[in-house]
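S.K.: I would like to see how this sequence folds:
(2 chains)
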Amino acid sequence: MRVALRLLVVVVFLAPLALVLAGSLRRVGLPPPAGLELLPASPGLTAYDRLGELTPLSRLLRNSVLVVLVAVPLATLVASWAGFALAQLPPRGRRWLVGITTGLLLVPLPMLWIPRFVLYLQVGVLDTLVPLIAPALAATTPFTVLLAYRAFRRVPPELWEAARLEGASALVTWWRVGLPLVSATTTAIAAVAFVFHWGNYLDALLYAQSEATRTLPLGIGELATVDGAEQSVLFAGAVVLAVPAVLALLAVQRPLLATRDGS
Amino acid sequence: MRLLPLLLGLALVAGCGSGTAGEQREDRTLTVQAAGGEGELSALRELISAYEQARPGVTVSFTGVPDQGDHIAKLGTAFAGGNPPDVFLLNYRRLGPFVDRDVLAPADLGDRSEADFYAPSLEAFTYDGELACVPQNASSTVAYLNLDLLERAGVALPTEEWTWADLEEMAKSLHSKGIAAVGYDAEIRTVAPFVWTAGGEVVDDTAEPTAMTLDTPQAGRALQYLDGLQQYGVDATARAAAGPADQFAGGSLAVFFDSRRSVPVFRKSEGLSFDVRPLPRADAGRPSVSLLASDAYCVSKGSSSLAADFASYAVGDEGGTVLARSGRTVPSVKALAQSPAFLDPAQQPASSSVFLDVIPTLRRLPNVGPEDEAEEAANDLLAQYFAGKAGLDETGAAVRTATAAAYGQRS
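M.R.: A predicted model of the protein is given here:
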């Protein structure tokens, strides 16, 4: 029964990916199929060739990779530091700050569009990759801070006390004592940050002005308006966008499942 | 996009929504933003390239956005942040909030005069008595016909005076031969011309709309007629599987209603032979009416003189010809629309002049905003009606209520 349920979950989540993959193998120029098509009649890679013609794929990929290479470690570090600091606070101040951090999750994103736009404009980084990396300075989302906080809270307080008695600084305590014990959560935070920054369409839309600063989600998004005969190109773009995210999640799966934080 | 008035309002409050577009950049640099499909954006890139060649030393930074909602969100944020594009393309249905917030420079037609333009597109971009933007196109909804399917069914091409009864007769003949006859997007832009030709109105007041009026007997007749056509072609279930535009492009649909925007796609479709006719009129003796689809080049207040120069170049002989050749737009300038660049006999549809013939019959939707919200609300309810999930009276009443709420948001 459990196996059947697991299989069902796998099918539900994999089916869209499989259909997108199958759609990307349909020959460019053919009208779209009338319904779902599990495998095109004469599969090929023409959609991927056409994708390279319609979009500056290498530049889009380069920009996206640059963003995640900087933003993911940065977001993970900031979230971990913030979570660690929250966990060290006395209960009263901690409750307030955790409440505020949770409240920040409820702030509608559009409220940040204009302040951020003005800030980037004033600092002179509009139309660079900086606005796409900048959210990492705030741990990308308050959710990652709360994740780190929960993980550090599960560490027995005696360990922090012992480190303090040994004369370890906060940074050394975080690095030598805390971080090794929350590696699974840290990996999860990195995965969350990767998925966010790799697929960040909105910031790219609002703050990238020129072709040179466009990233993959924006480039693939432009394909949304291709006509039916080129629908497979859109699917090919979706595959290119999805594969790194899937690979990243597969890569972190083992450490995530192997460790239980704080124990 | 419900946020637009708010974002533009913030621009006004902050005092940064005007007077800054050009100041941030050097005089020889221009930013242009537009939304559209791949064909449309390619045509605009070609136009920009021609402009840069015609104005040595000028650099144009172009941002193409595929989705209208994203286009408006990006514009709203940029205006509020005080760094809007110098020139942007805007549909007349979204004009109101921009004029209300005073973020547009007066339209400059350059060497053209108002007499050079088709009146409906000028009128659509006239707000409080002033022309707000330079009209790019004057497109309209027409009937696309698959010539091979008609021939296979032994059905003659309709005349330009055809009626609803003629279309229904044709649909029956096609359907009896196993051919999907008629398909359309179940949206207000499809429904509107049918309501008008039946003698009804889509909104209570185009200048100051307070609700859509699909609860009248005339509108009811139009809705029932369109609903009845589904049995001969693309119904809601088939629409969900593949859009009628795709089915027409694939050669499996005989008649499809849409604006000029479909032409580049249909031209690219292998083996598709097609032509166009005006939309059928409700009865003989009634006028055929179509819906205006028009965009314009709007210049942000405070932009350098290059912005106005670009807009006038785009509707000039040189720039306008580049766009006319793309097939995507019906030029708003009469001379361009009547030129071989647009009426190229070697290109489909052979009867491109139909797009010009219907111009005097064009009517439009409101331009005061928030039109997107009203149309989205109406489209959701129309989708329910055409899927058989809501009755006629229920739909008419619900559309009135929902659109009244949307129009009521106008500040």
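
S.K.: Just to check, residue B:395 is in contact with residue B:214?
M.R.: Yes. With contacts defined as Cβ atoms under 8 Å, residue B:395 counts as touching residue B:214 at a distance of 6.8 Å. Where you see a C-beta, it was placed from the backbone N, CA and C, and this is true even at glycine.

S.K.: Spit out the contact partners of the closest residue to chain A within the stretch 301-411 of chain B.
M.R.: Using Cβ to the nearest Cβ, the closest approach of the stretch 301-411 of chain B to chain A is made by residue B:328 at 11.9 Å. Residue B:328 sits next to B:39, B:40, B:43, B:260, B:261, B:263, B:264 when contact means Cβ atoms under 8 Å, 6 or more residues apart in numbering or on different chains.

S.K.: Show me just the buried residues among these.
M.R.: By the neighbour-count criterion of 16 or more other Cβ atoms under 10 Å in any protein chain shown, the contacts of residue B:328 include these buried positions: B:39, B:40, B:43, B:260, B:261, B:263, B:264.

S.K.: Tabulate those residues in JSON lines, adding columns for secondary structure.
M.R.: Supplementary listing: these in JSON lines, determined by DSSP: H, G, I helix; E, B strand; the rest coil:
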{"residue": "B:39", "secondary structure": "helix"}
{"residue": "B:40", "secondary structure": "helix"}
{"residue": "B:43", "secondary structure": "helix"}
{"residue": "B:260", "secondary structure": "helix"}
{"residue": "B:261", "secondary structure": "helix"}
{"residue": "B:263", "secondary structure": "helix"}
{"residue": "B:264", "secondary structure": "helix"}
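
S.K.: just the residues you listed that are near chain A?
M.R.: Cross-checking those against chain A (Cβ under 8 Å from any Cβ of the partner chain) gives residue B:39 as the overlapping residues.

S.K.: right, and out of the buried ones among the contacts of residue B:328, which lies closest to residue B:335?
M.R.: Each of those was scored against residue B:335 by Cβ to Cβ, and residue B:260 proved nearest at 17.8 Å.

S.K.: what's that closest one in contact with, if anything?
M.R.: Residues counted as contacts of residue B:260 (Cβ under 8 Å, 6+ apart) are B:137, B:139, B:140, B:142, B:293, B:327, B:328, B:329, B:330, B:355.

S.K.: which strand residues sit across from residue B:31 in the sheet?
M.R.: Taking DSSP bridges, one finds residue B:61 as the beta-bridge partners of residue B:31.

S.K.: picking that back up, just to be sure, the residue of the stretch 301-411 of chain B closest to chain A is in a strand?
M.R.: No. Under three-state DSSP, residue B:328 sits outside any strand and is assigned coil.

S.K.: Please report phi then psi for it.
M.R.: Torsion angles at residue B:328 (phi, psi; degrees, to the nearest 10) stand at phi -80, psi -40.

S.K.: can you check residue B:199 too?
M.R.: According to degrees, to the nearest 10, the main-chain angles of residue B:199 amount to phi 100, psi 10.

S.K.: end-to-end on stretch A:199-215?
M.R.: Taking Cα to Cα, to the nearest Å, stretch A:199-215 runs 9 Å from one end to the other.

S.K.: do the same with stretch A:194-206
M.R.: Using Cα to Cα, the gap from the first to the last residue of stretch A:194-206 comes to 20 Å.

S.K.: List the buried residues for that stretch?
M.R.: By neighbour count with 16+ other Cβ under 10 Å, stretch A:194-206 contains the buried residues A:194, A:195, A:196, A:197, A:198, A:199, A:200, A:202, A:203, A:204, A:205, A:206.

S.K.: Give the members of those that are also in contact with chain B.
M.R.: When Cβ under 8 Å from any Cβ is applied, the members of the buried residues of stretch A:194-206 adjacent to chain B are A:205, A:206.

S.K.: would you turn the buried residues of stretch A:194-206 into a markdown table with distance to residue B:193?
M.R.: A markdown table is the format used below for the buried residues of stretch A:194-206 (distance: Cβ to Cβ, whole Å):
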| residue | distance to residue B:193 |
| --- | --- |
| A:194 | 49 |
| A:195 | 45 |
| A:196 | 45 |
| A:197 | 46 |
| A:198 | 44 |
| A:199 | 40 |
| A:200 | 41 |
| A:202 | 36 |
| A:203 | 40 |
| A:204 | 38 |
| A:205 | 33 |
| A:206 | 36 |
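
S.K.: So which of the buried residues of stretch A:194-206 are in strands?
M.R.: Counted as lying in strands by DSSP state E, out of these, is not a single one.

S.K.: Output the buried residues of stretch A:194-206 as TSV; include the columns pLDDT.
M.R.: Converted to TSV, the buried residues of stretch A:194-206 look like this (pLDDT from 0 to 100):
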residue	pLDDT
A:194	95
A:195	92
A:196	94
A:197	96
A:198	95
A:199	93
A:200	94
A:202	92
A:203	93
A:204	93
A:205	92
A:206	93
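
S.K.: Specify which member of the buried residues of stretch A:194-206 is nearest to residue B:129.
M.R.: Within these, proximity to residue B:129 (Cβ to Cβ) peaks at residue A:206, which comes in at 34.0 Å.

S.K.: so the closest one makes contact with residue A:113?
M.R.: Yes. Using Cβ under 8 Å, residue A:206 and residue A:113 qualify as a contacting pair, with a distance of 6.0 Å.

S.K.: Please enumerate the shared neighbours of these two.
M.R.: Counting by Cβ under 8 Å, 6+ apart, the shared contacts of residue A:206 and residue A:113 are B:73, B:77.

S.K.: Spatially, and excluding backbone neighbours, which residue is closest to the closest residue to chain B within the stretch 51-200 of chain A.
M.R.: Taking Cβ to the nearest Cβ, chain B has its nearest neighbour within the stretch 51-200 of chain A at residue A:117, 3.4 Å off. Counting by Cβ to Cβ, 6 or more residues apart in numbering or on different chains, residue B:81 is the residue found nearest to residue A:117 once chain neighbours are left out, at 3.4 Å.

S.K.: For burial, what's the neighbour tally of that neighbour?
M.R.: Residue B:81 has 28 neighbouring residues, counting by other Cβ atoms under 10 Å in any protein chain shown.

S.K.: Could you do residue A:61 as well?
M.R.: One way to gauge burial is a neighbour count; for residue A:61, by other Cβ under 10 Å, it gives 17.

S.K.: Next up, identify which helix or strand it is on.
M.R.: helix A:57-88 (DSSP states H and E).

S.K.: So which elements touch that helix?
M.R.: Contacting helix A:57-88 under the criterion 3 or more Cβ pairs under 8 Å, 6 or more residues apart in numbering or on different chains; DSSP states H and E are the following elements: helix A:91-104, helix A:130-133, helix A:142-153, helix A:170-172, helix A:183-198, helix A:216-222.

S.K.: Same list, the contacts of residue B:328, but as CSV with pLDDT please.
M.R.: Listed next are those as CSV, based on pLDDT from 0 to 100:
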residue, pLDDT
B:39, 77
B:40, 83
B:43, 88
B:260, 90
B:261, 86
B:263, 90
B:264, 84
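
S.K.: Take those residues and write them to CSV, including distance to residue A:53.
M.R.: Output for the contacts of residue B:328, formatted as CSV (distance: Cβ to Cβ, whole Å):
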residue, distance to residue A:53
B:39, 14
B:40, 18
B:43, 17
B:260, 25
B:261, 22
B:263, 22
B:264, 17
